[in-house]
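>>> Below is the structure, and that's it, no one-letter string:
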């Protein structure tokens, strides 16, 4: 119930292509869905987040698509660049009562020049 | 510069030798938390603290202790480390607005090896 399933585990994309990472959850009480980006040797950093009252949120080349009925959300990286090469984690949280996030297992993205 | 500072960055120890990983934040955040990152398992919460003197277990608390005597510091203590605690550890902090999720600010990690 508390799991967040993330796929794929790794992804190779050509420069300029679209990177897509998917996540699914079971607990309908989740109401906050962030994506974190982690570069080697660094801690994760918040990239973009969405709440379930909208189906899409876009910030620059990064877009979250959210499907409440399917309990799925995804990260799309448009015009992927080598500098986007990193590990991406989706997460899900509930209402801020404990600020607790359940993280997915991560996706290692490599963007080839 | 706003940051979460963990020390040490790398630590190699032997089974049973008590160790402490320090974490300090300079953002006056109420909320602090420890995570471990393992391949294929993502980030799992060990302990968290909503404010000074308030701590609670996360998803994988066994074998760990924490304390929150000051707002800025949240050390992670392994009283008797075992090889299954070999992992990459992250400390994180955030503001805490009840009803909202605030972004977590992570440190740069501590890679612990227990032999």
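In hand now; what should we look at? Small disclaimer: the values here were computed from a predicted structure and weren't measured.
>>> Which residues of chain A lie near chain B?
Residues of chain A lying near chain B by Cβ under 8 Å from any Cβ of the partner chain: A:6, A:9, A:32, A:34, A:36, A:41-46, A:49, A:89, A:93, A:95-101, A:103-106. Using the backbone N, CA and C atoms, a C-beta is placed for each residue, glycine as well.
>>> which ones among these are found in helices?
Of the residues of chain A next to chain B, none are assigned to helices by DSSP state H.
>>> Would you mind giving me the ChimeraX syntax to select the buried ones in those residues?
For the buried members of the residues of chain A next to chain B, the matching ChimeraX selection, counting by 16 or more other Cβ atoms under 10 Å in any protein chain shown, is:
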select /A:6,32,34,36,43,44,46,49,89,93,96,98,99,100,101,103,104,105,106
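>>> neighbours of residue 29, just the number please.
Answering for chain A, as no chain was given. 12 (other Cβ atoms under 10 Å in any protein chain shown).
>>> Chain B, not that one
21.
>>> Quick one: residues contacting it.
With contact set as Cβ atoms under 8 Å, 6 or more residues apart in numbering or on different chains, residue B:29 has these partners: B:71, B:93, B:94, B:95, B:96, B:105.
>>> Same list (those) but as a markdown table, adding secondary structure, distance to residue B:21 and neighbour count.
Output for the contacts of residue B:29, formatted as a markdown table (DSSP: H, G, I helix; E, B strand; the rest coil; distance: Cβ to Cβ, whole Å; neighbours: other Cβ atoms under 10 Å in any protein chain shown):
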| residue | secondary structure | distance to residue B:21 | neighbour count |
| --- | --- | --- | --- |
| B:71 | coil | 18 | 15 |
| B:93 | strand | 15 | 29 |
| B:94 | strand | 19 | 23 |
| B:95 | coil | 23 | 14 |
| B:96 | coil | 22 | 19 |
| B:105 | strand | 17 | 21 |
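>>> Export these to a markdown table and append columns for pLDDT and distance to residue A:65.
Compiled in a markdown table, the contacts of residue B:29 are given as follows (pLDDT from 0 to 100; distance: Cβ to Cβ, whole Å):
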| residue | pLDDT | distance to residue A:65 |
| --- | --- | --- |
| B:71 | 96 | 38 |
| B:93 | 94 | 30 |
| B:94 | 91 | 25 |
| B:95 | 86 | 28 |
| B:96 | 73 | 29 |
| B:105 | 94 | 26 |
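>>> Just put those in CSV and tack on distance to chain A.
Formatted as CSV, these follow (distance: Cβ to the nearest Cβ, whole Å):
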residue, distance to chain A
B:71, 15
B:93, 10
B:94, 6
B:95, 9
B:96, 6
B:105, 8
